[in-house]
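> Quick one, what's the 3D model for this:
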Amino acid sequence: MTDNIIFELSNLRIFLVPLLLTAAATAIIEMVFWYIAGFRSIKFELLVFIINIVSNLSLNIAFLYIQKTDLNIVLAEILVVLSEFVCIKMFFGKYSAKRLIKLTFFANLTSYLLGVIYFSILK
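Numbers count the residues shown, from 1 in each chain. Below you'll find the model as predicted:
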């Protein structure tokens, strides 16, 4: 019985570590994007970090249960952009919604494309 538990924990580690590293990398990329865009407060950067960890983990876990087709990826990314925008707007309502939605889109596009480039190099 303990052998099964050790095996299951080993599998969890093999699954969990890359998942957490990917989420952290995405969050850092988007934090840098927002910083360059002029959003430099610690509270804003912390919010971006938390939002990205949650959305990235949620998205990757969802793809364990749904087929990872091009359409599903696009729909999921749209959902991520909208949910991140709503969270940012809720906490930082003083900024223009039009500007925030554009920047949220481009932050996500940047992290997505850098991820595609990185993982295509690994193959």
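
> contacts, neighbours, all on C-alpha from now
Fine.

> Would you map the strands across this structure?
Taking DSSP state E, the chain contains no strands at all.

> Show me the shaky parts of it.
For the chain, applying pLDDT under 70 flags the ranges 1-10.

> mind checking the longest helix of it?
Identified as the longest helix of the chain according to DSSP state H is helix 2-36.

> who does it touch, helix- and strand-wise?
For helix 2-36, the packing partners by 3 or more Cα pairs under 8 Å, 6 or more residues apart in numbering; DSSP states H and E come out as helix 42-62, helix 97-122.

> In a markdown table, list these along with distance to residue 18 and mean neighbour count.
Conversion of the helices and strands packed on helix 2-36 to a markdown table gives the following (distance: least, Cα to Cα, whole Å; neighbours: other Cα atoms under 10 Å):
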| stretch | distance to residue 18 | mean neighbour count |
| --- | --- | --- |
| helix 42-62 | 11 | 17 |
| helix 97-122 | 12 | 14 |
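
> Tabulate these in a markdown table, adding columns for distance to residue 90.
Formatted as a markdown table, the helices and strands packed on helix 2-36 follow (distance: least, Cα to Cα, whole Å):
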| stretch | distance to residue 90 |
| --- | --- |
| helix 42-62 | 11 |
| helix 97-122 | 10 |
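
> Only C-alpha atoms, please: export stretch 102-113 in CSV.
C-alpha atoms of stretch 102-113 as CSV (Å, rounded to 0.1, in the frame of the first residue of the first chain):
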residue,chain,number,x,y,z
LYS,A,102,-6.3,46.2,-24.8
LEU,A,103,-3.4,45.8,-22.4
THR,A,104,-4.8,42.7,-20.9
PHE,A,105,-5.1,41.2,-24.4
PHE,A,106,-1.6,42.1,-25.4
ALA,A,107,-0.1,40.9,-22.0
ASN,A,108,-1.8,37.5,-22.6
LEU,A,109,-0.8,37.5,-26.3
THR,A,110,2.8,38.2,-25.3
SER,A,111,3.0,35.4,-22.7
TYR,A,112,1.2,33.0,-25.0
LEU,A,113,3.6,33.6,-27.9
